[in-house]
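Undergrad: Pasting the sequence and the predicted coordinates here, then a few questions.
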Amino acid sequence: MAEGATLSGLAGQPFELLQELDRRCRRAAAGRQQEVALESEEEWVGVGFLLGSQHFLVARDEIREVLPCPDLATVPGARSWLKGLANVRGQLLSVVDLNELAGGEPTPRGRATRVLAVQHPEIPAGLLVDEVRGFRRFQPGEAVNESPDMNSEFQPFLKGGFRRGKEYWAVLNVRDLVESQLFLQAAE
């Protein structure tokens, strides 16, 4: 088929018309995929949440879903930050109070309290947070290399952040956190 074939010129040839439409659609889709790839390299997207008055982010691919605080079965002999086990659609999820794990006060449960279900192939965990602020998008120019004043054991899981106006959003590496000894040693 000629490269410059017009669609109107193929009106009497239905098969060739479909082939030309398919070729054009594939070429347009390939160009759009390249544009999307370039945009995603420039923009960082994460789930924003609050621990007390501090803003945090988790990369969107590290969170499976956001849940209202489920009913929890307590775990005898567990550290105080392990709040219990939840049955989420047939899967047991250990729920950890992220603020308490980070050395802060226990998270008071209220209407805004949420559990971030962690996307991890082997560790079914949920992180109890004060409030989820939804997806947050940041440009490279907003990135900063600071971290909030937190428990020294928790510091290694904070990977810089983003500043927008007066707000600072610290980035939490959830995968490193749930694979750490701090997180996995939940027994007293």
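TA: Yep, that arrived.

Undergrad: what residues go with each domain of the chain?
TA: Annotated domains of the chain cover 9-42, 44-184 [automatic domain parsing].

Undergrad: Please tabulate those in a markdown table and include mean neighbour count and mean pLDDT as additional columns.
TA: Every residue, glycine included, has its C-beta placed from N, CA and C. What follows is these, written out as a markdown table (neighbours: other C-beta atoms under 10 Å; pLDDT from 0 to 100):
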| stretch | mean neighbour count | mean pLDDT |
| --- | --- | --- |
| domain 9-42 | 11 | 68 |
| domain 44-184 | 16 | 94 |
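
Undergrad: tell me the phi and psi of the residue positioned nearest the centre of the chain?
TA: Centroid-nearest residue in the chain: residue 60, 2.3 Å away (criterion: C-alpha atoms, centre = their mean). Residue 60 adopts backbone torsions of phi -60, psi -30, taken as degrees, to the nearest 10.

Undergrad: Which residue, other than its chain neighbours, is closest to it?
TA: residue 45 (5.2 Å; C-beta to C-beta, 6 or more residues apart in numbering).

Undergrad: Residue 156 too?
TA: residue 176 (7.2 Å).

Undergrad: May I ask you to confirm that that neighbour belongs to a helix?
TA: Yes - counting by DSSP: H, G, I helix; E, B strand; the rest coil, residue 176 is located in a helix.

Undergrad: Go ahead and confirm it touches residue 158.
TA: No - contact criterion C-beta atoms under 8 Å: residue 176 and residue 158 do not qualify, at 9.9 Å.

Undergrad: So what are the sheet partners of the helix or strand hosting residue 117 and their directions?
TA: Using DSSP states H and E, residue 117 sits within strand 114-118. Sheet pairing of strand 114-118 (DSSP bridges) gives strand 63-68 (antiparallel), strand 125-129 (antiparallel).

Undergrad: ok, then the element right after the last one?
TA: So the one you mean is strand 125-129. By DSSP H and E, the next helix or strand past strand 125-129 is strand 131-138.

Undergrad: Other residues contacting that next one?
TA: With contacts defined as C-beta atoms under 8 Å, 6 or more residues apart in numbering, strand 131-138 is touched by 43-50, 55, 57, 60, 66, 112-114, 116, 162, 164, 169.

Undergrad: what secondary structure does the residue of the chain positioned farthest from its centre sit in?
TA: Distance to the chain centre peaks in the chain at residue 12, reaching 51.5 Å (criterion: C-alpha atoms, centre = their mean). At residue 12 the chain is in coil, as set by three-state DSSP.
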